[in-house]
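In: Have a look at this prediction, sequence included:
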Amino acid sequence: MSHPMKRFVCLLLALSAPLVVISCSRQPYGPSAPPTPEVVTVTVTWQQVVLTTELPGRMSPFLIAEIRPQVNGLIQKRVFTEGSDVQAGQVLYQIDPAPFQAALDNALAALGRSEANLPSIRARAERFQKALADKAVSQQDYDDAAGALKQAEADVQYWKATVETARINLGYTRITAPISGRIGKSSATDGAIVTAYQPVALATIQQLDPIYVDVPQSTAELLRLRRRLEEGRINNNGTSQNKVQLFLEDGTKYPLEGTLQFRDVSVDPTTATVILRMVFPNPSGVLLPGMFVRAAVKEGVNEQAILIPQQAVTRDLKGNPMVLLVNAAANVEPRMLRLDRAIGDQWLVVSGLVPGDRVIVEGMQKARPGTAVREAPFGAAQKPEASPSAVDLAAPESN
């Protein structure tokens, strides 16, 4: 080998030596272990919840009166303003009283004539009675006189009744309001001819303060409520069961509470429902007949209710509700549930959980049944609070 070639080989070896040393000093690393997933849990506790059922219904007037004439005649004047509030006894229409006044005067005259004839007929009958005792008149003459007296007395009574009837009919020419309330539009104007008890009402008066709410409730819901009471899951003690809260069509809460008056005892065969009637104060006239509302009716109190966030509940392939728990060994454990209803953003649990269970509410996508996890409790700001009342938004119990 020539001298220049030897120098080139030596230089190449000198440059490659550090690379060999560095590569030999590096040790190969294996795959790193995945970190333990972290989940957020909430601890199950007993809570006291007032259970309510929210049902749709419609408003109806507390009192309603359809105004119809009780005599035939011509309306001289309408003396009310449509849509205004009227008081009981207030005059609404005036029917021409002239023919009725004439009928009253005629009856009074006939009554006076009968009463004028009565004394002489009575005196004649008394004379015939004395003469009969002396055999001065026949029995037939006395019987005729006594019969004439009775007929005269009957005529007096007849014309008295006729006078009273004429006076009543004359009073009916002033059509008055039978109740206090708000009157609607008038179907007749001045100069209209009306008939007694006609099918078309002249106007309608409705009392709106207080006002009724009629709510249908299914018989299935009634049976479900009775079953809860019998099982002891709810009780009626300590709550005003007849107090009702109302929600208007736009979702706003009516500020005044109502009272449940009664639950009908007959079932509508076409809808399988019974009617619940509530009464609400309506001083400002916000509630109107026919308005659609939702009424929250109290069922009772569940002293040992379990509520969990809705985000913690998932469904299996069959649609059954389930949750993931962290057991005592810090491993994930699935648990099947039986739910009652949604209460706000929480589920009311019937069975499947007990106080002390730690339910995973966040990080479920990282948790797998049987794997170990690190848990962190629900933050104070996120911790669900016990709801003071529960609105039934769900269908009957799911298994």
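Out: All right, it came through fine. Note that the coordinates shown come from a computational prediction; the quantities given were computed from them, not determined experimentally.

In: Low-confidence bits of the stretch 151-300 of the chain, can you list those?
Out: The model of the stretch 151-300 of the chain has pLDDT under 70 over residues 225, 228-241.

In: Report the contact partners of the closest residue to T314 other than its chain neighbours.
Out: In space, not counting the residues next to it along the chain, T314 is nearest to M322; the distance is 5.8 Å by C-beta to C-beta, 6 or more residues apart in numbering. Yep, even glycine has a C-beta here, placed from its N, CA and C like the rest. In this structure, M322 makes contact with 313-316, 334-337, judged by C-beta atoms under 8 Å, 6 or more residues apart in numbering.

In: try D316
Out: When the contact criterion is C-beta under 8 Å, 6+ apart, the partners of D316 are 322, 336.

In: Starting from the strand ranked longest in the chain, tell me the next helix or strand along the chain.
Out: Ranked by residue count, the top strand of the chain under DSSP state E comes out as strand 47-67. On the C-terminal side of strand 47-67, the nearest following helix or strand under DSSP states H and E is strand 73-78.

In: in that next one, what's buried?
Out: Taking 16 or more other C-beta atoms under 10 Å as the basis for neighbour counts, the residues of strand 73-78 that come out buried are 73, 75, 78.

In: give me phi/psi at the closest residue to the second one other than its chain neighbours?
Out: Distance criterion C-beta to C-beta, 6+ apart; nearest residue to I75, sequence neighbours excluded, is A192 at 4.9 Å. In this entry, A192 is assigned phi and psi values of phi -80, psi 150 (degrees, to the nearest 10).

In: Does L55 have any beta-bridge partners, and if so which?
Out: Listed by DSSP bridges, the beta-bridge partners for L55 are A295.

In: same deal with the one 4 residues further on?
Out: Beta bridges link M59 to V213 when assigned by DSSP bridges.

In: Pull up the gap between it and F80, please.
Out: Between M59 and F80 the distance, using C-beta to C-beta, to the nearest Å, works out to 24 Å.

In: Could I get the buried residue list for the longest helix along the chain?
Out: Criterion DSSP state H: the longest helix present in the chain is helix 98-133. The neighbour-count criterion (16+ other C-beta under 10 Å) identifies 99-100, 103-104, 107-108, 110-111, 114, 121, 125, 128, 132 as the buried residues of helix 98-133.

In: Out of these, flag the one nearest to W46.
Out: F100 (76.0 Å; C-beta to C-beta).

In: What strand or helix carries the residue lying closest to that closest one once chain neighbours are set aside?
Out: Of all residues beyond its chain neighbours, the one nearest F100 is L170 (4.2 Å), with distances taken as C-beta to C-beta, 6+ apart. Of the helices and strands defined by DSSP H and E, L170 is found in helix 139-172.

In: That helix - contacts with which helices or strands?
Out: With contacts taken as 3 or more C-beta pairs under 8 Å, 6 or more residues apart in numbering; DSSP states H and E, helix 139-172 sits against helix 98-133.

In: my guess is Q94 meets Y172, correct?
Out: No - counting by C-beta atoms under 8 Å, Q94 stays clear of Y172, with 11.1 Å between them.

In: Could you tell me the angle between whatever helix or strand Q217 lives in and strand 47-67?
Out: Counting by DSSP H and E, the element that carries Q217 is strand 203-218. Interaxial angle, strand 203-218 versus strand 47-67 (axes from the mean of the first three to the mean of the last three C-alpha atoms, to 10 degrees): 150 degrees.

In: correct me, but V71 touches I95?
Out: Yes - counting by C-beta under 8 Å, I95 is a contact partner of V71 at 6.6 Å.

In: Tell me which of the two has more neighbours.
Out: Neighbours around V71 and I95, counted as other C-beta atoms under 10 Å, are more numerous at I95. The numbers are 24 against 19.

In: who's in contact with L256?
Out: Contacts here follow C-beta under 8 Å, 6+ apart; on that basis L256 touches 246, 280-281.

In: any idea how far it is from D209?
Out: Computed with C-beta to C-beta, the distance linking L256 and D209 is 11 Å.

In: what do you get for G352?
Out: Here G352 is placed at a distance of 48 Å from D209 (C-beta to C-beta).

In: Quick one: residues contacting the residue nearest to L74 when sequence neighbours are not counted.
Out: Excluding the flanking residues, the one nearest L74 by C-beta to C-beta, 6+ apart is D96, at 4.7 Å. Listed by C-beta under 8 Å, 6+ apart, the contact set of D96 reads 73-76, 173.
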